[in-house]
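*Asks:* just coords:
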């Protein structure tokens, strides 16, 4: 039986609805900026719909008198940043759709904010000072029209909508501007075929696949460039999904090499076997990465690709990767905090960050994709 999520205990009277004028500080991980409410003892408030340096009127959306921090929306702008722009979407703003964080920000500045977040997370969690540039990728139009798979909610009247930020409440919409014109609406039946460079991939319509049209080819090219695979090498592709990286790595290492793709989802594994059927030196292992590596494939591997879910690979898997003594690891990360924590673990175990690239695969949102190259120190 599913249990209700644990509710936070209130720490005093609610301050929801209270309004304060604040000067907005730096961007923070999660699509908001940091400000302090002087009237409440310099209480930290995470403010959405604002930009660093602005003076705004913030309305508190979550918090009680005893909380360490509050959350709020900028409902009026007294002093605007030169990087502020009118949101292209009519449903972007306080109390509306929660899907986009940065529609009020000029696109180049969105990328600068994301780069600042990646730098801050690496410095704070991994003690790494890294120069980061978030690169655009082909496949969107001024940051719009890129999302190839969409999942909508429904209002009480049965209208199509999107949820508010951190809420189950639904806002009715007639069109989502970040949706690709041919976006698949989830849940969807059947299997799709995706073309990536010179390889074709079969993937469940409801299975994992990058949602930006330019993402698969960009990530593949980056991983291949970082790892520089050689004929005859042995490769582990972890969290392999339908075998996107394994296919291209298998081509590079050739019949004298070996590729093992490890994935926990059985349907994805079935498609991976189809997608890698032209590579007799490739195999697919079904199961969670930590459990598979705990019992199998304990011989040395030359190269490893890590493409974990948002929470990262975590210490157990990082330790198992290091135990295989790879000459290089390509880490594909959708969360900079998880990446930073795992890079700190790699450093403890004798591997160091060599290079990092970041890509704007989710324009108008706070999300950013990184690809890090890690090698023995």
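*Replies:* Perfect, thanks for sending it. Everything numeric in this text was worked out from a predicted model, so none of it was measured.
*Asks:* and for residue 205, the neighbour number?
*Replies:* Using other C-beta atoms under 10 Å, the number of residues around residue 205 comes to 15. From N, CA and C alone the C-beta is placed, and that goes for glycine too.
*Asks:* check residue 202 too.
*Replies:* Neighbours of residue 202 under the rule other C-beta under 10 Å: 16.
*Asks:* element containing it?
*Replies:* Assigned by DSSP states H and E, residue 202 falls within strand 199-204.
*Asks:* pLDDT score assigned to residue 2?
*Replies:* Residue 2 carries a pLDDT value of 38.
*Asks:* just the one 4 residues further on next, same as before
*Replies:* Residue 6 carries a pLDDT score of 48 in this model.
*Asks:* okay, which residue is most central for the protein?
*Replies:* Nearest to the geometric centre of the chain sits residue 334, at 2.7 Å (C-alpha atoms, centre = their mean).
*Asks:* test my guess that it contacts residue 366.
*Replies:* No. Counting by C-beta atoms under 8 Å, residue 334 does not reach residue 366; the two are 11.5 Å apart.
*Asks:* strands paired with the strand holding residue 202, and their directions?
*Replies:* Strands adjacent to strand 199-204 in the sheet, as given by DSSP bridges, are strand 191-196 (antiparallel).
*Asks:* what comes up buried for the partner strand?
*Replies:* Buried residues in strand 191-196, counted by 16 or more other C-beta atoms under 10 Å: 192, 194, 196.
*Asks:* helices of this structure, residue ranges please.
*Replies:* Assigned by DSSP state H, the helices in the chain fall at 107-126, 215-227, 244-253, 266-275, 289-295, 314-323, 336-348.
*Asks:* these: which one's closest to residue 150?
*Replies:* Closest to residue 150 of those, according to C-beta to C-beta: helix 215-227, at 15.6 Å.
*Asks:* state the mean pLDDT of the closest one.
*Replies:* pLDDT averaged over helix 215-227 gives 98.
*Asks:* show me what that helix is packed up against.
*Replies:* If you count contacts as 3 or more C-beta pairs under 8 Å, 6 or more residues apart in numbering; DSSP states H and E, helix 215-227 packs onto strand 191-196, helix 244-253, strand 303-306, strand 328-333, strand 351-359, strand 369-376.
*Asks:* I'd like the distance between residue 353 and residue 342.
*Replies:* Distance from residue 353 to residue 342, counting by C-beta to C-beta, to the nearest Å: 11 Å.
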